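S.K.: make a model of this:
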Amino acid sequence: MSSIDLESISEATSGAIGAVLSTTILYPLDTCKAKYQAEVRTHGRQKYRYLSDVLLEAVSSGRVLSLYQGLGTKNLQSFIAQFVYFYGYSYFKRLYQVKYGTKNIGTKANLLLAASAGACTAIITQPLDTASSRMQTSAFGRSKGLWAMLTEGSWIEAFDGLGISLLLTSNPAIQYTVFDQLKQRLLDGKMKKSGNGSSPESLSAFSAFLLGAISKSIATVLTYPAIRCKVMIQAAESSDEETKENKKKPRKTILSVLDAIWKREGVSGFFKGLQAQILKTVLSSALLLMIKEKITATTWVMILAVRRYLVVTQGRLKGQ
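M.R.: Okay, the predicted model is just below:
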């Protein structure tokens, strides 16, 4: 059982490190995407007609560094979320394999295991997710700190969007299931070509990047309307004037957001920003999985080294 735990921790650690690196690299694009998605057309007018308008606003106002507002919170959320997700996903898979005595996991079982890991992740990290979304969608240069974001409302508000987050556990579930299935087929194909009866342990960086892009694209297209609703629910007010006019504005709900999109933007509104979402999430997920694939072996060696050190140290202490 200890070996299972260590392997799960290795998977979780490499996944979390990959998430932080990919989040940092692509964060300005993520901020532009979030602000673009959060805006709803009012009276036929909108501030951001294109994704590039957000970037131009930051440049013209001299607040380019504000594209990184909330990066610390986002990285903290990404690290915890990916660690919990990869640990849970890896651990649940190993429990399944032990229980049913098989190394192969079917698509339905894979989806269920991935969704279970995603649900645990969403519940644990929702306050950080809400805070980071509010930071990103705040006016440039006016983002509050993490503690201020978490304490400005009730704890119920800190969990805004949890319902959709739980629904969106289908996104990584679809992504990682598709990735694992494509990965296994690719490795099996390489094994047959090599003819030595042993499958390579990991993908090449390019293969991991490509499979990550394909799997995330499929998951994003299938779940995008829910993704945009979540951003709008968690978004900060777009301006001080809007805040003053809506001091007693009711909490945003899934139904109210869906109604607003339908009335102001029509069916196409449910897919506003889809290209930006695909660009960001595909690059992010592909980088994450590529980094994870390349550092998993190193992480595993380091964990084994730490365990050996602890065992030796414990033995010496007992000997004394």
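
S.K.: tell me the contacts of the residue most central in space within the chain?
M.R.: In the chain, the C-alpha nearest the mean C-alpha coordinate belongs to Ser78, at 6.5 Å (C-alpha atoms, centre = their mean). Counting by C-beta atoms under 8 Å, 6 or more residues apart in numbering, Ser78 touches Ala16, Ala19, Val20, Thr23. No exception for glycine: its C-beta is placed from N, CA and C like everyone else's.

S.K.: ok, now Val178?
M.R.: Ile214, Ser215, Ile218, Ala219.

S.K.: and Ala208, by the same measure?
M.R.: Ala208 neighbours (C-beta under 8 Å, 6+ apart): Lys183, Ser202, Ala286, Leu289, Met290, Lys292, Glu293, Lys294.

S.K.: show me which pair in these is furthest apart.
M.R.: Within the contacts of Ala208, two members stand farthest from each other by C-beta to C-beta: Ser202 and Ala286, at 15.3 Å.

S.K.: what about the protein, any weak spots by pLDDT?
M.R.: Per-residue confidence for the chain (pLDDT under 70) gives these ranges: 1-5, 41-44, 194-202, 237-250, 319-320.

S.K.: buried subset of the contacts of Val178 as a PyMOL selection?
M.R.: Applied in PyMOL, the following selects the buried portion of the contacts of Val178 according to 16 or more other C-beta atoms under 10 Å:
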select buried, resi 214+215+218+219
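
S.K.: find the nearest non-adjacent residue to Ile291, please.
M.R.: Gly18 (3.7 Å; C-beta to C-beta, 6 or more residues apart in numbering).

S.K.: repeat for Leu67
M.R.: That would be Pro28: by C-beta to C-beta, 6+ apart, it lies 4.0 Å from Leu67.

S.K.: quick one: that neighbour from Gly189, how far?
M.R.: With the distance defined as C-beta to C-beta, to the nearest Å, Pro28 ends up 38 Å from Gly189.

S.K.: of the two, who's got more company?
M.R.: Higher neighbour count among Pro28 and Gly189: Pro28, with 17 against 11, using other C-beta atoms under 10 Å.

S.K.: let me see the contact set for the more buried one.
M.R.: Leu55, Leu67, Tyr68.

S.K.: surely the second one meets Ala34?
M.R.: Think Leu67. No - using C-beta atoms under 8 Å, Leu67 is not in contact with Ala34; the gap is 10.6 Å.

S.K.: quick one: which of these two has more around it?
M.R.: Taking other C-beta under 10 Å, Leu67 and Ala34 do not tie; Ala34 has more neighbours (24 against 21).

S.K.: so which strand or helix has the more buried one?
M.R.: helix 2-38 (DSSP states H and E).

S.K.: list the buried ones in that helix?
M.R.: Across helix 2-38, burial judged by 16+ other C-beta under 10 Å covers 7-23, 26-38.

S.K.: quick check: angle from the helix or strand following it to helix 2-38?
M.R.: Next helix or strand after helix 2-38 toward the C-terminus (DSSP H and E): helix 51-60. Going by axes from the mean of the first three to the mean of the last three C-alpha atoms, to 10 degrees, helix 51-60 is angled at 80 degrees with respect to helix 2-38.

S.K.: for helix 51-60, what is the distance to the chain centroid?
M.R.: Remark: helix 51-60 is offset 24 Å from the chain centroid, using C-alpha atoms, centre = their mean, to the nearest Å.

S.K.: could you do stretch 121-129 as well?
M.R.: 11 Å.

S.K.: what do you get for stretch 151-169?
M.R.: Averaged C-alpha coordinates place stretch 151-169 at 15 Å from its chain's average position (C-alpha atoms, centre = their mean).

S.K.: for it, buried residues please.
M.R.: So, applying 16+ other C-beta under 10 Å, buried residues of stretch 151-169: Ala158, Phe159, Asp160, Gly161, Leu162, Gly163, Ile164, Ser165, Leu167, Leu168, Thr169.

S.K.: repeat for stretch 98-109
M.R.: Ile105, Ala109.

S.K.: please name every helix or strand in contact with the strand or helix carrying Ser256.
M.R.: Using DSSP H and E, Ser256 maps to helix 254-265. Applying 3 or more C-beta pairs under 8 Å, 6 or more residues apart in numbering; DSSP states H and E, one finds that helix 254-265 contacts helix 205-234.
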